[in-house]
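Peer 1: mind looking at a prediction? Sequence and model below.
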Amino acid sequence: MAEIRRLRESDVPQAYELSTIAGWNQTKADWKRLLNLDPDGCFCVEQDGQVVTTTTAVRHGGDLVWIGMVLTRPEYRGRGLARRLMVHALEWLESQDVSRSMLDATEMGQPLYEKLGFVSDYPVERWFRRASDEKPDDSAMGAFDVKDWVKLDSAAFGADRSRLLDLMDGGSGFAIENQGYALGRPGRIASYFGPCVAVDVDVARSLLVKFLAGLRGEAVIWDLIPASPGIVHLARAFGFDPMRHMVRMRRGGEYVPPSPRIVAMAGLEFG
């Protein structure tokens with residue numbers, strides 16, 4: 001019998017197995033970060049003594065929830081479990097008076113989300129840079145301090161992500177005063193670039209150079225909004241190629257065009 005319940009930290013190994021089977025880049029630390037960010041919004045379906053489906057819904061500020069990690073074990077697909085869990089999550093969000101839910105949908109997931117009332121806003125893309133011995137010139141930048149960059153990030157993203165930034169900052173952040181900041185983190189497949197916000201593409205280039213310089217040639221994943229001015233050109237110039245095309249979707253609230261200051265997203269599961 002399938003049971004819907006909240007995801008617990010003890011479930012992280014099984015949840016990580018789901019994302020690994022799907023070929024996703026998340027680590028166990030990413031799953032724990034989701035649970036720390038909003039434990040009440042992380043759900044799963046348990047069947048036959050194991051976690052077989054997951055969905056996370058984490059809040060940014062008071063009125064935006066980001067939905068992600070919609071996964072089902074291959075042998076349990078086709079039974080409507082993902083839809084059932086999404087409906088449960090959305091009903092919970094309605095009970096919390098959340099006015100707007102957003103997610104980044106793959107081509108496979110988009111029809112399900114449309115049936116649940118989501119509408120498409122604009123394209124988002126995942127880009128990939130292969131491992132390389134090349135190391136860009138480094139440059140001196142200020143240390144990252146979450147409280148100094150919340151205002152810049154909130155203006156670009158449209159919601160308060162201060163708790164997320166705080167959870168992501170492990171000493172790997174850097175910034176150019178009053179101009180932009182960037183964070184990165186390890187991934188299962190490749191290092192992840194983002195989130196990153198910059199006032200223009202020149203600042204974005206400086207932040208990217210700083211990030212790549214610290215990687216020792218590791219492969220990199222970068223989730224971006226292709227409409228952001230100059231960002232696709234910048235990605236190509238540094239050896240990135242498109243890997244996956246998706247669409248950003250919204251349920252509730254009005255359409256808000258993406259800020260040109262968003263250089264890199266925080267992740268498909270975070271926004």
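Peer 2: Good, I have the coordinates.

Peer 1: can you give the domain ranges for this protein?
Peer 2: 3-98, 126-264 (automatic domain parsing).

Peer 1: ok, and for the one helix or strand Asp30 maps to, which residues are buried?
Peer 2: In this structure, Asp30 sits in helix 28-37 according to DSSP states H and E. Neighbour counts using 16 or more other CB atoms under 10 Å place 29-31, 33-35, 37 of helix 28-37 among the buried residues. No exception for glycine: its C-beta is placed from N, CA and C like everyone else's.

Peer 1: now distance to Gly271 and pLDDT too, for the residues you listed, in JSON lines please.
Peer 2: Listed next are the buried residues of helix 28-37 as JSON lines, based on distance: CB to CB, whole Å; pLDDT from 0 to 100:
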{"residue": "Ala29", "distance to Gly271": "18", "pLDDT": "96"}
{"residue": "Asp30", "distance to Gly271": "14", "pLDDT": "97"}
{"residue": "Trp31", "distance to Gly271": "16", "pLDDT": "98"}
{"residue": "Arg33", "distance to Gly271": "13", "pLDDT": "96"}
{"residue": "Leu34", "distance to Gly271": "12", "pLDDT": "97"}
{"residue": "Leu35", "distance to Gly271": "17", "pLDDT": "97"}
{"residue": "Leu37", "distance to Gly271": "11", "pLDDT": "95"}
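
Peer 1: of the residues you listed, which is the nearest to Leu7?
Peer 2: Distance to Leu7, by CB to CB, is smallest for Leu35 among these, at 6.6 Å.

Peer 1: leaving out chain neighbours, which residue sits closest to Cys243?
Peer 2: Not Cys; residue 243 is Met. Among residues not flanking Met243 along the chain, Phe128 sits closest, at 4.2 Å (CB to CB, 6 or more residues apart in numbering).

Peer 1: ok so, going back, and the domains of the chain, which one averages the lowest pLDDT?
Peer 2: For the domains of the chain, mean pLDDT drops lowest on domain 126-264, to a mean of 89.

Peer 1: and that one, how far out from the chain's middle?
Peer 2: Centre-to-centre, domain 126-264 and its host chain are 11 Å apart (CA atoms, centre = their mean, to the nearest Å).

Peer 1: what about that domain, start to end distance?
Peer 2: Its start and end residues considered, domain 126-264 measures 10 Å (CA to CA, to the nearest Å).

Peer 1: just the helices in the stretch 51-200 of the chain please.
Peer 2: Assigned by DSSP state H, counting those that start in this stretch, the stretch 51-200 of the chain shows helices spanning 81-95, 110-115, 146-157, 162-168.
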